[in-house]
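Visitor: structure for this input, please:
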Amino acid sequence: MKLSGITALSIAATIGSSTAFAPTPSFGAKQQSTMELSMSQSTRLQFLQTTTLATLLTTLTSTSPANAAKYGSFGAGSPEVLDPKTAVTDPDVLATDAVQNAIQSLKIYLDAVKEMQGELKGNAQADIQPILRAKFELGKLRADLNTANTAFDEDTQRGTDRIGRLILQDITELEVANKQKPGIERSEKRLTIMVKKLEKVSKAFSDYLAFF
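Guide: Numbering: from 1, shown residues only. Here you go, the predicted model:
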């Protein structure tokens, strides 16, 4: 029997339609195994891609040049503290009386720290509170640090600001560590804490002054 073109098209459409809506046959054991293998390979590929990307990011992070200078404990590893050699200074601001006086004050603070170190070296029970009170008024210290800092550009200031905050923190902690109950000798542990604090703040002042 010869079918017309229209009839043939109608039958083809019916077959296609019935095929589309017919229940999907279940996979055989071989087909299921192939599918599982494909999924396993896909999952493994995704895992390897993710692992490779994570490794690459870790490598880039660990090997990228740090902005921090390795010139001391305050600069080491910090993205904020720059090498003093790269500091950008405004010569006009640096030459002002206010900035020069602030720099001179910072040198006096450093000398006072060395004085306290000498006191403790000569006497483990020395009370350094009189020096702290006479030489380290926190309001003035903060003002001197801020004034000296105005001589730098913004990038340099981010580093010197950080060192300044650490100086203020260390002086405050040093006062706390120095306090001792009457009649009780300073323990070896407390003495060690104070010695290390003085070393740390001495290095901080030296780091700060290195920018000038």
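
Visitor: what sits up against stretch 125-142?
Guide: 105, 108-109, 112, 115-116, 119-120, 164, 167-168, 171-172, 174-175, 178-180, 185-186, 194 (CB atoms under 8 Å, 6 or more residues apart in numbering). In this view, the C-beta of every residue, glycine as well, is placed from N, C-alpha and C.

Visitor: kindly check the end-to-end length of that stretch for me.
Guide: By CA to CA, to the nearest Å, the extent of stretch 125-142 from end to end equals 29 Å.

Visitor: buried ones in it, by neighbour count?
Guide: Judged by neighbour count (16 or more other CB atoms under 10 Å), stretch 125-142 contains these buried residues: 126, 128, 131, 132, 135, 136, 141.

Visitor: re earlier: among the contacts of stretch 125-142, which ones are in helices?
Guide: The helices, defined by DSSP state H, take in 105, 108-109, 112, 115-116, 119-120, 164, 167-168, 171-172, 174-175, 178, 194 from those.

Visitor: from the contacts of stretch 125-142, which would you call buried?
Guide: Buried, going by 16+ other CB under 10 Å: 105, 109, 112, 116, 119-120, 164, 167-168, 171, 174-175, 178, 186, 194, out of the contacts of stretch 125-142.

Visitor: state the distance from residue 88 to residue 146.
Guide: As judged by CB to CB, to the nearest Å, residue 88 and residue 146 stand 18 Å apart.

Visitor: again but with residue 134, I slipped
Guide: As judged by CB to CB, residue 134 and residue 146 stand 22 Å apart.

Visitor: what does residue 192 give?
Guide: Counting by CB to CB, the gap from residue 192 to residue 146 is 32 Å.

Visitor: understood, closing this out.
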